[in-house]
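**Student:** I'll drop the sequence and a predicted model, then ask my questions.
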2 protein chains.
Amino acid sequence: MPTAVSPLAPTSVPQMPAIAGVRLATAAAGIKYAGRTDVLLALFDEGTTCAGVFTRSKCPSAPVEWCRANVRNGKARALIVNSGNANAFTGKNGRDAVNFTARLAAKATRCKTNEVLLASTGVIGEPLKASAFDGVMDDMVAGARADRFMEAARAIMTTDTFPKVATAKVKIGKAAVTINGIAKGAGMIAPDMATMLSFIFTDAAISAPALRALLSEAVVDTFNAVTVDGDTSTSDTLLLFATGQAKDAPRIARPSDPKLKTFRAGLHNVLGNLSEQIARDGEGARKLLEIVVEGAKTKESARRIAMSIANSPLVKTAIAGEDANWGRVVMAVGKAGEPADRDRLSIWFGGIRVAHKGARDPAYDEAVVSQTMKKPEISLRVALGMGKGRDRVLTCDLTKEYVAINGDYRS
Amino acid sequence: MPTAVSPLAPTSVPQMPAIAGVRLATAAAGIKYAGRTDVLLALFDEGTTCAGVFTRSKCPSAPVEWCRANVRNGKARALIVNSGNANAFTGKNGRDAVNFTARLAAKATRCKTNEVLLASTGVIGEPLKASAFDGVMDDMVAGARADRFMEAARAIMTTDTFPKVATAKVKIGKAAVTINGIAKGAGMIAPDMATMLSFIFTDAAISAPALRALLSEAVVDTFNAVTVDGDTSTSDTLLLFATGQAKDAPRIARPSDPKLKTFRAGLHNVLGNLSEQIARDGEGARKLLEIVVEGAKTKESARRIAMSIANSPLVKTAIAGEDANWGRVVMAVGKAGEPADRDRLSIWFGGIRVAHKGARDPAYDEAVVSQTMKKPEISLRVALGMGKGRDRVLTCDLTKEYVAINGDYRS
């Protein structure tokens, strides 16, 4: 396990306010890690609505299948998350572990099992000993408190080097509403959908169908626009909980309600902030790479080209080597299979145009570009000259540390 | 540039026989490298037919565009290949360089420019100084000889650590026919189509349309079934030349001619041998990984799943770490998006079943599997239990050396 914090970690961490109707507790159940917390329990007051989006993997984990089935009710009273074991590809044992955990939580919190949501992250294919939760559940329920978001973010870390939190204050009508989010990365991050795990909490009063629509909309340019290694987890889970306890919060039934304007923006900001932190904490990452593709035929085409660049090992190793190797960018544009014309391509690193109309820009100064490439945050812009489609994705470089972390992860 | 030969290099190198009607010469034109050859000239007797397959990149190199346009004639008299500069994304300069080189060769060899084929490999985006060929062309034409296949393979290397050659003897009717091939890798290798550069020479007498059909058929399970990093080159070029000079060789007009039976097998073997060598010389490779997927709905589905596994950074780093991490294999199966059922999946490493019906195989002995993972050649088999589709691809592991090679390539 890496211990040094990513050099790309945010320099300031927000104070995470309480959310009325949410209480949190963490515990060290010894699932895999020693000397740290590895279980998170979130308790929600009655009336809390929820929505989720999940991995598109054809081999999802047992908790993902559980959540998919139960989030449809739109009601949540408890969330249990563990790190250290993903409970993925664990067969009947995995389903049994999920059922056991849900029943345990339902009993301890006096709710229905289908109001319990679950998520697990860590090693795939090892049986999860759910009995470990038994020893900590009652204490967690008894000790749950409103102001534990940072502890919650810590308990769900795996190879993450820092806890990821974000918060926003918005208005719905005249009511002040809070949105808090936590997330964990750090490898096996690709869209389709999201990061491995992220949980968003708000005291707004929003119906489950409206929450679903808001969440689906908000992931497009946030979690779905981030990739570390192009590998899609079996466990990707993003859940949004709304307690409805904000003072004077109007009940919102429809996603088109105009009162949602600032909430929508706030949710986008929280998800954008968390997903950027995930790229910043990509395994072994030393550079944050922002890729903007413009002039594509459509936004979807721009996205596919941006992802082709973001997932190219040759582009990512060039960034690690502080090399403005736009030739590899051309390669990645070409392999995306999207409409592109070599002789209309222009490419910028850090605002400096290095290639123009299908050839090296004669004006560019290698020394100036080299300086830009030494920065921890690199922007790469590609103009295709084919249309008006534009998109942006975030990724990180591919370093020897990535190989070291993932070559030694399980053994 | 790496200098140590890949530990996966073949232990024996075949003697490469001459091919009647083919003469080869190499030269050191100083395009990028010092102290080594970097230009190959192949001369073909009149009557030589040819066929080619090329990268599917939307941003192909200037030589690829040249070959695509001219290989249609089906006739070849000269092939010029240089290493050190790919002449890709070089705009008008690139087209000028191609035209200049073709005219130069046509003049020196007294053929038409559209009977000259060209290929370049190396850095993308740097102008190719084609004038460098001017200084070596006449000497190469004068000195071309039949027995230079090994030198030819050396002249086209970039980050390759060993030259790649293969040969086969087959019969067409009663005539003994030879097939020789050379190839170069070593990164930016993905199917769609093939390796970066490979050239196949035979003294069989086969029409250009029949050659085209034979080549398209032969790449499917050879060059198109190999990946190093999933990055598709702008320059991938595979050309097949048939001089028709084998003694008593019957003229073959149609690919369905039954006399082609052993030729077809020999061509497959030569391409299979060369493409395997490319995986063995993948940048930084320490392990050759053979991935067999069976029980898929179709062969195409098995191919997509096998490629998803082969291109997964998490699988490749696990192999580098000698870790039989089948959880990541499940992940890669799941992200392929093809029909799969977690609870029917079985996975073997080196013939040892580690996962069965959606969970860890209780019978497997970690110590035995660990021994298998230490070998330089690892076989990975995945059974999906969905149908009869089967496929096989080759790749290599992802090591710190890959990152080092590609982080320092240009600078």
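**Tutor:** Yep, it's here.
**Student:** from the rest of the structure, what touches the one helix or strand A:Val333 maps to?
**Tutor:** Element membership for A:Val333 (DSSP states H and E) is helix A:326-335. Here helix A:326-335 makes contact (CB atoms under 8 Å, 6 or more residues apart in numbering or on different chains) with A:305, A:308-309, A:312, A:314-315, A:318, A:340, A:342, A:345, A:347, A:349, A:354-355, A:360, A:380, A:382, A:384, B:55-60, B:86, B:88-89, B:123-126, B:188, B:190, B:192, B:231-234, B:410. Just so you know, the C-beta spots here come from the backbone N, C-alpha and C atoms, and that holds for glycine as well.
**Student:** ok, the nearest residue to A:Arg154 once chain neighbours are set aside - contacts?
**Tutor:** What sits nearest to A:Arg154 in space, not counting adjacent residues and going by CB to CB, 6 or more residues apart in numbering or on different chains, is A:Pro163, at 4.7 Å. Shown in contact with A:Pro163 (CB under 8 Å, 6+ apart): A:150, A:153-154, A:157, A:182.
**Student:** picking that back up, could you point out which element follows the helix holding A:Val333?
**Tutor:** Where DSSP H and E defines the elements, the next helix or strand beyond helix A:326-335 is strand A:346-349.
**Student:** still on that earlier bit, among the contacts of helix A:326-335, which are located in helices?
**Tutor:** Under the assignment DSSP state H, the contacts of helix A:326-335 contribute A:305, A:308-309, A:314-315, A:318 to helices.
**Student:** top of the residues you listed by neighbour count?
**Tutor:** A:Ile305 (30 neighbours; other CB atoms under 10 Å in any protein chain shown).
**Student:** does the residue in chain A sticking out farthest from the centre lie in a helix or a strand, and which?
**Tutor:** Ranked by distance from the centre of chain A (CA atoms, centre = their mean), the top residue is A:Pro362, with 40.2 Å. Secondary structure from DSSP H and E places A:Pro362 outside every helix and strand.
**Student:** and what of A:Ala119?
**Tutor:** Taking DSSP H and E as the criterion, A:Ala119 maps to strand A:116-123.
**Student:** and that strand, average pLDDT?
**Tutor:** If you average the pLDDT over strand A:116-123, you get 92.
**Student:** now that strand, how far from the chain's geometric center?
**Tutor:** Chain-centre distance of strand A:116-123: 14 Å, with CA atoms, centre = their mean, to the nearest Å.
**Student:** got it, and stretch A:6-15?
**Tutor:** Mean-position distance between stretch A:6-15 and its chain equals 16 Å (CA atoms, centre = their mean).
**Student:** what's that stretch in contact with?
**Tutor:** Stretch A:6-15 has contacts (CB under 8 Å, 6+ apart) with A:150, A:161-162, A:165-167, A:277, A:280-282, A:285-288, A:376-377, A:396.
**Student:** now a PyMOL select for only the buried ones of those.
**Tutor:** To isolate the buried subset of the contacts of stretch A:6-15 in PyMOL, counting by 16 or more other CB atoms under 10 Å in any protein chain shown, use the following:
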select buried, chain A and resi 150+161+162+165+166+167+277+280+281+282+285+286+287+288+396
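**Student:** now intersect the contacts of stretch A:6-15 with the helices, please.
**Tutor:** Per DSSP H, the contacts of stretch A:6-15 map to helices at A:150, A:277, A:280.
**Student:** now those in a markdown table, with distance to B:Asp134?
**Tutor:** Converted to a markdown table, the ones in helices among the contacts of stretch A:6-15 look like this (distance: CB to CB, whole Å):
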| residue | distance to B:Asp134 |
| --- | --- |
| A:Met150 | 69 |
| A:Gln277 | 56 |
| A:Arg280 | 51 |
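**Student:** out of the residues you listed, which touch chain B?
**Tutor:** When CB under 8 Å from any CB of the partner chain is applied, no member of the ones in helices among the contacts of stretch A:6-15 is adjacent to chain B.
**Student:** pLDDT added to these, as CSV?
**Tutor:** Converted to CSV, these look like this (pLDDT from 0 to 100):
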residue, pLDDT
A:Met150, 97
A:Gln277, 93
A:Arg280, 90
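**Student:** looking at the residues you listed, spot the one nearest chain B.
**Tutor:** Nearest to chain B, judged by CB to the nearest CB, of these is A:Arg280 at 18.3 Å.
**Student:** I'd say that closest one and A:Leu288 touch.
**Tutor:** Yes: A:Arg280 lies in contact with A:Leu288 (CB atoms under 8 Å); the separation is 5.6 Å.
**Student:** what is in contact with these two at once?
**Tutor:** A:8, A:396.
**Student:** shaky segments in the stretch 151-300 of chain A?
**Tutor:** A:186-195, A:229-232 (pLDDT under 70).
**Student:** again, only this time at 80
**Tutor:** Along the stretch 151-300 of chain A, the model assigns pLDDT under 80 to residues A:186-196, A:227-234.
**Student:** mind giving me the domain split of chain A?
**Tutor:** Listed by automatic domain parsing, the domain ranges of chain A are A:22-280, A:288-407.
**Student:** sorry, back to before: which of the ones in helices among the contacts of helix A:326-335 sits closest to chain B?
**Tutor:** Distances from chain B to the ones in helices among the contacts of helix A:326-335, taken by CB to the nearest CB, are shortest for A:Leu314, at 4.9 Å.
**Student:** report how many residues lie close to the residue lying closest to A:Lys112 once chain neighbours are set aside.
**Tutor:** Once flanking residues are discounted, A:Lys112 sits nearest to A:Ala106: 6.1 Å by CB to CB, 6+ apart. Counted by other CB under 10 Å, the residues lying close to A:Ala106 total 17.
**Student:** equivalent analysis for the one 5 residues further on, please.
**Tutor:** A:Cys111 has 19 neighbours, counted by other CB under 10 Å.
**Student:** that one against A:Ala78, yeah?
**Tutor:** Yes: distance between A:Cys111 and A:Ala78: 6.2 Å, which falls inside the contact criterion (CB under 8 Å).
**Student:** what sits in contact with each of those two?
**Tutor:** Residues within reach of A:Cys111 and of A:Ala78 at once, by CB under 8 Å, 6+ apart, are A:Ala105.
**Student:** before we move on, back to that, tell me how far the helix holding A:Val333 lies from the chain's centre.
**Tutor:** From the chain centre to the centre of helix A:326-335 is a distance of 27 Å (CA atoms, centre = their mean).
**Student:** and stretch A:156-168, by the same measure?
**Tutor:** With CA atoms, centre = their mean, you get 10 Å for stretch A:156-168.
**Student:** what about that stretch, start to end distance?
**Tutor:** Counting by CA to CA, to the nearest Å, you get 21 Å between the two ends of stretch A:156-168.
**Student:** same check on stretch A:241-260?
**Tutor:** One end of stretch A:241-260 to the other measures 16 Å (CA to CA).
**Student:** now swap in stretch A:153-160 and tell me
**Tutor:** Start-to-end span of stretch A:153-160 (CA to CA) is 10 Å.
**Student:** repeat that for stretch A:234-248.
**Tutor:** Start-to-end, stretch A:234-248 (CA to CA) is 40 Å.
**Student:** may I see the buried residues of that stretch?
**Tutor:** Neighbour-count burial for stretch A:234-248, counted by 16+ other CB under 10 Å, picks out A:234-246.
**Student:** just to revisit the earlier point, now, the contacts of stretch A:6-15 that are in strands?
**Tutor:** A:165-167, A:288, A:377, A:396 (DSSP state E).
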